[in-house]
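> here is my input; please provide its structure:
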Amino acid sequence: NARIVRAAEQYYRAMYRGAAASWNLRDRHMFDTLLRLMAHREDARAVIWAHNSHIGNASATAMGWRGEFNIGELARAAYGDQAVLIGFGTDRGTVAAASDWGADMHVMQVRPARDDSWEGAFRGTGLARALTDWRGSRRGDVSDLLSQTLLE
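Below you'll find the model as predicted:
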């Protein structure tokens with residue numbers, strides 16, 4: 001509990017200042033919590049449910065350019081190919097969301113992705129659902145294709 005109180009104080013102070021530090025504090029806290037949980041058993045495994053912005057490669061996006069990192073990067077650095085990060089994306093349908101923090105939830109239409117975005121690229125494959133594993137050198141061809149810069 002003391003760790004949570006301390007982390008919360010640091011997070012809210014950073015959030016008030018409006019810096020990238022608030023994001024980094026939150027994801028560092030999530031990762032440190034993972035490490036403490038994993039330390040309880042030698043053969044421990046964990047499943048962490050996180051939004052794509054927390055598991056993707058922040059260094060390859062505007063987030064990284066602003067100095068932000070995420071739990072996905074930290075997990076890959078610590079666990080290498082043993083870390084499996086699965087992201088979800090869509091560019092059709094509806095979503096339950098609010099227009100601002102604390103605002104009422106509404107069902108909204110998801111805007112179709114631009115053709116020059118990652119969502120557009122994945123839609124262009126014609127696959128309704130797919131799992132792309134790009135871990136390790138054996139996946140060089142996939143990694144090369146997915147290493148280009150597209151809109152998020």
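
> how many other residues sit next to the nearest residue to Leu150 once chain neighbours are set aside?
Excluding the flanking residues, the one nearest Leu150 by CB to CB, 6 or more residues apart in numbering is Trp118, at 5.0 Å. The C-beta positions use only the backbone N, C-alpha and C, and glycine is treated the same way. Using other CB atoms under 10 Å, Trp118 has 21 other residues around it.

> wait, isn't Trp118 in contact with Gln148?
No. With contact defined as CB atoms under 8 Å, Trp118 does not reach Gln148; the gap is 9.6 Å.

> what touches both of these two?
Contact criterion CB atoms under 8 Å, 6 or more residues apart in numbering; no residue bridges Trp118 and Gln148 by contacting each.

> just the buried residues of the lengthiest helix in the chain, please?
Taking DSSP state H as the criterion, the chain has its longest helix at helix 21-38. For helix 21-38, the neighbour count (16 or more other CB atoms under 10 Å) marks 21-31, 33-34 as buried.

> now the following helix or strand past that helix: mean pLDDT?
Remark: after helix 21-38, the chain's next helix or strand is helix 52-55, criterion DSSP states H and E. Confidence for helix 52-55, expressed as mean pLDDT, is 82.
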